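Student: Mind folding the following:
(chains A and B)
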Amino acid sequence: DAGVTQSPTHLIKTRGQQVTLRCSPKSGHDTVSWYQQALGQGPQFIFQYYEEEERQRGNFPDRFSGHQFPNYSSELNVNALLLGDSALYLCASSLVLGPSDTQYFGPGTRLTVL
Amino acid sequence: AQSVTQLGSHVSVSEGALVLLRCNYSSSVPPYLFWYVQYPNQGLQLLLKYTSAATLVKGINGFEAEFKKSETSFHLTKPSAHMSDAAEYFCAVSVHSGSARQLTFGSGTQLTVLP
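Tutor: Take a look at the predicted model:
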């Protein structure tokens, strides 16, 4: 059973550029959430997608946007990159069956902005 | 708003000693609580979760946690530490926000296991 996969594993960009990160959820899961983990901190919720729509958004600017495809995979886009966007970006998938829908995480994409 | 606080950003134990990682939560409704582990340069792996079925929750790798409502705590324990337990541990609370359920994480505890 394939778990959550993310690509690429590492990425280096310069300020002002745009980046797209990709995520494939665990088999059978229909919900994808994205988190940003800065160095030495816990993950922070960016947004969640279900049925190809953004269900909820954390405290992140509009430079962060996403998309979910019919096969439930998802993309995270970040425009006008800032140095402070350097972080590990984690994708988590879940199946919405009840209040304790457990989220399973991928290995993450390490983004470095120079 | 729901939140979690992890006491102690760094914990060191000797191999074979008891592991105790502390987590306190704040929630206006019955919480769903999770412990995740993160090894260097990897994503998060679920250790265990509390969903109100039982107050003592057993997880993988010999870890367990006890939900104590009176103390608003969900501390993680393991009777005997192994070198392979060295990692960062995150406590999280599941928050229902609008139509979605998101995880709010603590700041993490780095566990070092000494030989």
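
Student: Only C-alpha atoms from now on, for both contacts and neighbour counts.
Tutor: Noted.

Student: okay, now residue 14: neighbour count?
Tutor: The chain I'm using is chain A. Residue A:14 has 14 neighbouring residues, counting by other CA atoms under 10 Å in any protein chain shown.

Student: To clarify, I was referring to chain B.
Tutor: Neighbours around residue B:14, by other CA under 10 Å: 15.

Student: Skip the chain neighbours and tell me the closest residue to it.
Tutor: Nearest residue to residue B:14 in three dimensions, chain neighbours excluded: residue B:114, at 4.5 Å (CA to CA, 6 or more residues apart in numbering or on different chains).

Student: Residue ranges in chain A under the pLDDT threshold?
Tutor: Counting by pLDDT under 70, the ranges of chain A that qualify are A:1, A:97-100.

Student: Show me what residue of it gets nearest to chain B.
Tutor: Going by CA to the nearest CA, chain B is nearest to residue A:107 of chain A, at 3.9 Å.

Student: surely that residue meets residue A:90?
Tutor: Yes - taking contacts as CA atoms under 8 Å, residue A:107 lies within contact range of residue A:90: 6.9 Å.

Student: tell me, what's touching those two both at once?
Tutor: By the contact definition CA atoms under 8 Å, 6 or more residues apart in numbering or on different chains, residue A:107 and residue A:90 are jointly contacted by residue B:43.

Student: mind listing what the closest residue to the residue of chain A closest to chain B other than its chain neighbours touches?
Tutor: The spatial neighbour of residue A:107 that comes closest, neighbours along the chain excluded (CA to CA, 6+ apart), is residue B:43 at 3.9 Å. Contacts of residue B:43 were listed using CA under 8 Å, 6+ apart, and they are A:90, A:105-108.

Student: could you say which helix or strand contains the residue nearest in space to the middle of chain A?
Tutor: Centroid-nearest residue in chain A, with CA atoms, centre = their mean: residue A:34, separated by 3.0 Å. For residue A:34, the element it lies in under DSSP states H and E is strand A:31-37.

Student: quick one: strands adjacent to that strand?
Tutor: strand A:44-50 (antiparallel), strand A:87-94 (antiparallel) (DSSP bridges).

Student: residues in contact with it?
Tutor: With CA under 8 Å, 6+ apart as the test, strand A:31-37 has contacts from A:25, A:43-51, A:68, A:72-74, A:76, A:87-96, B:102.

Student: Mind doing that once more with 6 Å?
Tutor: Strand A:31-37 is contacted by residues A:43-50, A:87-94 when judged by CA atoms under 6 Å, 6 or more residues apart in numbering or on different chains.

Student: So in chain B, where's the weakest helix or strand by average pLDDT?
Tutor: Counting by mean pLDDT, DSSP states H and E, chain B has its least confident helix or strand at strand B:100-105, which shows a mean of 85.

Student: Next, the contact list for residue B:110, please.
Tutor: Contacts here follow CA under 6 Å, 6+ apart; on that basis residue B:110 touches B:10, B:87-88.

Student: Counting neighbours, which of those comes out on top?
Tutor: residue B:88 (22 neighbours).
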